[in-house]
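Q: Sequence plus predicted model, see below.
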Amino acid sequence: MVKLSFMGGTHEVGRNAVLVSSNEAKLLLEYGVKVGEPTEFPAHVRAKDIDGIVVAHAHLDHSGGVPIFYLSEKKPFFSTSTTADLCKVLIEDMIKLNNYYLPFEYIELDNMLKQRNDLAYGQEVRLKDINFQLHNAGHIPGSAMVDLEIDGKNILYTSDFNAVETRICNGAKIPKKKYDAVIIEATYATHEHPERKQLEVDFVKAIKDVTNDGGKVLIPAFAVGRSQEMYSILFAHGFPGLVVLDGMARSVNRILFNHPEGVKTPQQFEQASLSVQEIRGWRDRRKAINNANVIVAPSGMLQGGTAFFYMEKLAMNSKNAVFLVSFQVPGTNGSTLLEKGTFMIGEKDQKVAAKVRHFDFSSHSGQSYLQNFLKGLKGKPDIYVIHGESESCEFLAQYAQDELGLKGTAPKEGEEFEV
Ligand SMILES: [Zn+2]
Ligand SMILES: [Zn+2]
């Protein structure tokens, strides 16, 4: 018997959690949060009922709720070593920044990390009657898909994956196996990304246009993966100006230097990282306003972080530019800036004079890649679609049903299915 219970991340992006139950064991695949005020968790799972937790990558929508299982229990935590180290900095930061009540503290995070089992890709694990291994998911450094074998059934949990190679990650390594069930993300099930090589060229040209004209470019970016990719692109294209890096990306870089297996080409990554200047404090920050050409700083949707400071200093000069490089969730400052061209400066909503553009760098597979992935599956697996807006989940489930003749489902929270 194998049962899948969808505890969160259904019909939405955020708080991913799937509970896999066999005759002998219960394995929790992720327990993420939806960061906000207050932070939202998946449906309740009792810590004493589970035998272990797998986290496929460090993003908080996959990992942020896991410390809750370490209030009193000591269940094993499985991930790649890169993911475990990244979880430490991301969850620490979440605890630090949370204004509302969180059901755990630093001590639970420590307890979680004491139970870590670092897995290499392809390393087989046996937990009672559940066998599983991780494969590269190409999404961010350390990211994985979870490949399970239970009671003769094969199940694949893709978590977030990117089939396309980026400067930092190789494309996902998709196992060629007959599956009985596949749980897939649908973030971009209805959206096609631009071709990456061309996107890079356009991006670098747009930056040069601004800097050659005496302007500065602010690139608000996430700390894990995206920040590193942005300066790696500039380095690879021989951008001659001064690029500075601010925020948590600096400590993330320390982790990635220690985990060369987590990045595509460690040597190039190290060279690119050495080519940027790290901001170490407010003195550096004020200096950067005068002498930097490109500033990479968090947060990616302008919801916080030092990008605020840079916006204040740069946004009112039409020579400057703000280039957003990730998806902007509706309602965030980044999305308002894109739509209305305004930003809160000094307590007031102001029309931004700097050029504002969006570049669609994604670490998720776009529409045709998701569809081709499903098309390429052997056998007749049941398809469960999560991690997307409602329309996206429904769309991909329908595609599996209509175009591929598979049983396609976009489960609701709390729904259970037997494999
Ligand atoms: Zn992710
Ligand atoms: Zn995610």
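A: It's in. Because the structure is predicted, anything quoted here is derived from the model rather than measured. Ligands and ions are numbered 1, 2, ... in the order given.

Q: C-alpha only now, for contacts and for neighbours.
A: OK.

Q: can you pull the contacts of the closest residue to residue 140 other than its chain neighbours?
A: Leaving aside its chain neighbours, residue 140 sits nearest to residue 225 (5.6 Å; criterion: CA to CA, 6 or more residues apart in numbering). By CA atoms under 8 Å, 6 or more residues apart in numbering, the contact set of residue 225 is 140-141, 168.

Q: tell me which of those residues is nearest to residue 296?
A: Nearest to residue 296 among the contacts of residue 225: residue 168, at 16.0 Å, using CA to CA.

Q: Spit out the contact partners of the closest one.
A: 140-141, 225, 228-229, 232, 263-265, 269.

Q: would you turn those residues into CSV with secondary structure, distance to residue 119 and pLDDT?
A: Listed next are the contacts of residue 168 as CSV, based on DSSP: H, G, I helix; E, B strand; the rest coil; distance: CA to CA, whole Å; pLDDT from 0 to 100:
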residue, secondary structure, distance to residue 119, pLDDT
140, coil, 16, 97
141, coil, 14, 97
225, coil, 20, 94
228, helix, 24, 97
229, helix, 25, 97
232, helix, 27, 98
263, coil, 16, 96
264, coil, 18, 96
265, coil, 20, 96
269, helix, 23, 97
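
Q: Quick one, which of these are buried?
A: 140-141, 225, 228-229, 232, 263-264, 269 (16 or more other CA atoms under 10 Å).

Q: List phi and psi for the residue nearest the centre of the chain.
A: For the chain, the residue nearest the mean C-alpha position is residue 59 (4.7 Å; CA atoms, centre = their mean). Dihedral pair for residue 59: phi -50, psi 140, per degrees, to the nearest 10.

Q: wait, isn't it in contact with residue 87?
A: Yes - using CA atoms under 8 Å, residue 59 is in contact with residue 87, at 7.5 Å.

Q: from the buried ones among the contacts of residue 168, which is closest to residue 386?
A: Closest to residue 386, out of all of these and judged by CA to CA, is residue 140, at 18.8 Å.

Q: I figured that closest one was touching residue 227, is that so?
A: No - if you go by CA under 8 Å, residue 140 and residue 227 don't touch, sitting 11.2 Å apart.

Q: For the stretch 151-300 of the chain, which segments count as helices?
A: Using DSSP state H, counting those that start in this stretch, the helices of the stretch 151-300 of the chain run over 196-212, 226-236, 249-258, 266-275, 282-291.

Q: Out of these, which one sits most buried?
A: helix 226-236 (a mean of 22; mean count of other CA atoms under 10 Å).

Q: quick one: that one to chain centroid distance?
A: Its chain's average C-alpha position is 17 Å from that of helix 226-236, according to CA atoms, centre = their mean, to the nearest Å.

Q: likewise stretch 272-285?
A: Distance, centroid of stretch 272-285 to centroid of chain: 24 Å (CA atoms, centre = their mean).

Q: re earlier: list phi and psi for the residue nearest to residue 140.
A: Here the main-chain torsion angles of residue 225 (degrees, to the nearest 10) amount to phi 90, psi -60.

Q: Residue 71 and residue 104 touch, don't they?
A: Yes - between residue 71 and residue 104 there is a contact under CA under 8 Å: 7.3 Å.

Q: Surely residue 135 is in contact with residue 156?
A: No - here residue 135 lies out of contact with residue 156, judged by CA under 8 Å, at a distance of 10.2 Å.

Q: Looking at these two, which has the bigger crowd around it?
A: Between residue 135 and residue 156, counted using other CA atoms under 10 Å, residue 156 has the larger neighbour count: 25 against 22.

Q: Kindly provide the distance from the more buried one to residue 207.
A: Residue 156 sits 41 Å away from residue 207, going by CA to CA, to the nearest Å.

Q: In JSON lines: the buried ones among the contacts of residue 168, plus distance to residue 419.
A: Formatted as JSON lines, the buried ones among the contacts of residue 168 follow (distance: CA to CA, whole Å):
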{"residue": "140", "distance to residue 419": "29"}
{"residue": "141", "distance to residue 419": "31"}
{"residue": "225", "distance to residue 419": "35"}
{"residue": "228", "distance to residue 419": "40"}
{"residue": "229", "distance to residue 419": "39"}
{"residue": "232", "distance to residue 419": "43"}
{"residue": "263", "distance to residue 419": "35"}
{"residue": "264", "distance to residue 419": "35"}
{"residue": "269", "distance to residue 419": "42"}
